[in-house]
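Trainee: Here is my input, please return the structure:
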Amino acid sequence: QVQLVESGGGLVQAGGSLRLSCAASGIISSINDMGWYRQAPGKQRELVAAVTSGGTTNYADSVKGRFTISRDNAKRMVFLQMNSVKPEDTAVYYCNAEIAVFGPYRLVEVWGQGTLVTVFS
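Mentor: Numbers count the residues shown, from 1 in each chain. Next up is the predicted model:
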């Protein structure tokens, strides 16, 4: 069974920084796109940032210049460095990945369980 497990969420003061991590585990052939989504109370889940297997990144306009996504393909991990955080960044952050698995070989979309980030002013 393939899983994504996030860590690094918590309480942070506005203007501060936080780093989220997400690790993939299981019988994996390869990992394609990886990304971070967030869902604030009463709002729909939205894309925060994504990175391809080749390292091309994409960001939501609301986080450009403040957040940085990166990945370590050897460790099957993706990270989200959050700088200059704002109260409106408060949300549950979810890791997402498109993963090629064996038995039989196929692509699956996997979500992590989510990690809460709370920004206070």
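
Trainee: Distance of the most centrally placed residue in the chain relative to residue 102?
Mentor: By CA atoms, centre = their mean, the chain has its centre lying nearest to residue 36, at 2.7 Å. Noted for residue 36: a distance of 26 Å to residue 102, by CB to CB, to the nearest Å. In this view, the C-beta of every residue, glycine as well, is placed from N, C-alpha and C.

Trainee: picking up where we left off before, okay, now the sheet partners of the helix or strand harbouring the residue nearest to the centre of the chain, with direction.
Mentor: Per DSSP states H and E, residue 36 falls inside strand 28-39. Partner strands and pairing direction for strand 28-39 (DSSP bridges) are strand 46-51 (antiparallel), strand 91-101 (antiparallel).

Trainee: Using CSV, write out the CA atom coordinates for the last one.
Mentor: Just to be clear, that refers to strand 91-101. Extracted C-alpha coordinates of strand 91-101, given in CSV (Å, rounded to 0.1, in the frame of the first residue of the first chain):
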residue,chain,number,x,y,z
ALA,A,91,-5.4,25.7,6.7
VAL,A,92,-5.0,22.0,6.6
TYR,A,93,-2.2,21.3,4.1
TYR,A,94,-2.3,18.1,2.1
CYS,A,95,0.5,16.4,0.2
ASN,A,96,-0.5,14.9,-3.2
ALA,A,97,1.4,12.8,-5.7
GLU,A,98,0.9,10.8,-8.9
ILE,A,99,2.7,7.5,-8.2
ALA,A,100,3.4,4.6,-10.5
VAL,A,101,3.0,1.3,-8.6
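
Trainee: on that earlier part again, just the C-alphas of the strand holding residue 36, formatted as PDB.
Mentor: The C-alpha trace of strand 28-39 is given here as PDB (Å, rounded to 0.1, in the frame of the first residue of the first chain):
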ATOM      1  CA  ILE A  28       6.800   2.400  -5.800                       C
ATOM      2  CA  SER A  29       8.100   2.400  -9.300                       C
ATOM      3  CA  SER A  30       8.300   6.100  -9.800                       C
ATOM      4  CA  ILE A  31       6.700   9.400  -8.700                       C
ATOM      5  CA  ASN A  32       5.500  11.900 -11.200                       C
ATOM      6  CA  ASP A  33       4.100  15.300 -10.100                       C
ATOM      7  CA  MET A  34       4.000  16.100  -6.400                       C
ATOM      8  CA  GLY A  35       2.200  19.000  -4.800                       C
ATOM      9  CA  TRP A  36       0.800  20.700  -1.800                       C
ATOM     10  CA  TYR A  37      -2.900  21.600  -1.500                       C
ATOM     11  CA  ARG A  38      -4.600  23.400   1.400                       C
ATOM     12  CA  GLN A  39      -8.100  23.700   2.700                       C
END
